[in-house]
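Chemist: Provided below for reference: sequence and predicted model.
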Amino acid sequence: MSKKIQNISVDCVVFGYDIKLKTLNVLLIKRYLESKKKKVLVDDNVLTGYHMYEDETLDDTASRVLKELTGLTGQYKQQFKAFGNPDRLTGKKDMLWIKNEQFNQRTITIAYYFLLKTDDVDIQNNQHQAKWYSVSQLPQLGFDHEQIIMEALDDLKVKCLSEPIIFELLPNKFTINEVQDVYQSILSIELDNRNFRKKMINKKYIIALDEKKTGVSKKPSQLYMFSKDIYLKLHRKTYLINL
């Protein structure tokens, strides 16, 4: 079995979009530790991360983290920053956790984020007791993981304006209002509905389908799909939305 690299880890921010609640969420796991006398020492939440193995690339480790956490493979992933401040793991609870888990306090982590649909993750049967939290209502977090999440979100905000990555968060068939909701949840701004709709339906890679969204109380909305093939043929480094 390959050896772990003791001072290099990969932490993963798993973003998911809840289309019903219209929220951008992040997948977290519980960090819990009791003393021998059953006193609670640590009870908070963290991102999922693992140390690298010697025979792995960084991408390999990130994909392994995602698969062990969600069972999923082949999702959109983006490496965005390394975190190596000397004091990043020196909080009181962090020190207790490190002592119990016996890993290197001076660990440098390379951070990735993944984009997926919240419904793709089986929360009920998740062995890590993972849970979705809105990025706007994060619980108490261990280590420097709140900083990592916020910097992942900053990177996502930039990239979602120049690449069509938001379609990784949506069902294969969607309405224009649902596309607008995703952008608004990521960017934390209100977009003009009429102007947004006009821009979206004029994109050649947004294909109108001969279908309407059913199961809604109001007037059924036109459904669309994103064509990656057409996008790649037309691809230019331009913004999807001019704000």
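Modeler: Looks like it came in fine. Numbers count the residues shown, from 1 in each chain.

Chemist: so which strand or helix has the nearest residue to Leu28 once chain neighbours are set aside?
Modeler: Nearest residue to Leu28, sequence neighbours excluded (Cβ to Cβ, 6 or more residues apart in numbering): Asn45, at 4.3 Å. Every residue, glycine included, has its C-beta placed from N, CA and C. According to DSSP states H and E, Asn45 maps onto strand 40-46.

Chemist: Which SSE is immediately downstream of that strand?
Modeler: With DSSP H and E, the next secondary element past strand 40-46 is strand 48-53.

Chemist: Can you list the strands that that next one pairs with?
Modeler: strand 4-18 (antiparallel) (DSSP bridges).

Chemist: Now the partner strand: average pLDDT?
Modeler: Strand 4-18 shows a mean pLDDT of 95.

Chemist: mind listing what's buried in it?
Modeler: Buried residues in strand 4-18, defined by neighbour count with 16 or more other Cβ atoms under 10 Å: 4-5, 8-18.

Chemist: same thing with stretch 19-35?
Modeler: 19, 23-29, 31, 33.

Chemist: Now for the residue nearest to Leu28: which residues touch it?
Modeler: Contacts of Asn45 were listed using Cβ atoms under 8 Å, 6 or more residues apart in numbering, and they are 28-31, 131, 133, 139-142, 145.

Chemist: list the helices and strands the strand or helix carrying Asp94 packs on?
Modeler: Using DSSP H and E, Asp94 maps to helix 92-101. Here helix 92-101 touches strand 23-34, strand 40-46, going by 3 or more Cβ pairs under 8 Å, 6 or more residues apart in numbering; DSSP states H and E.
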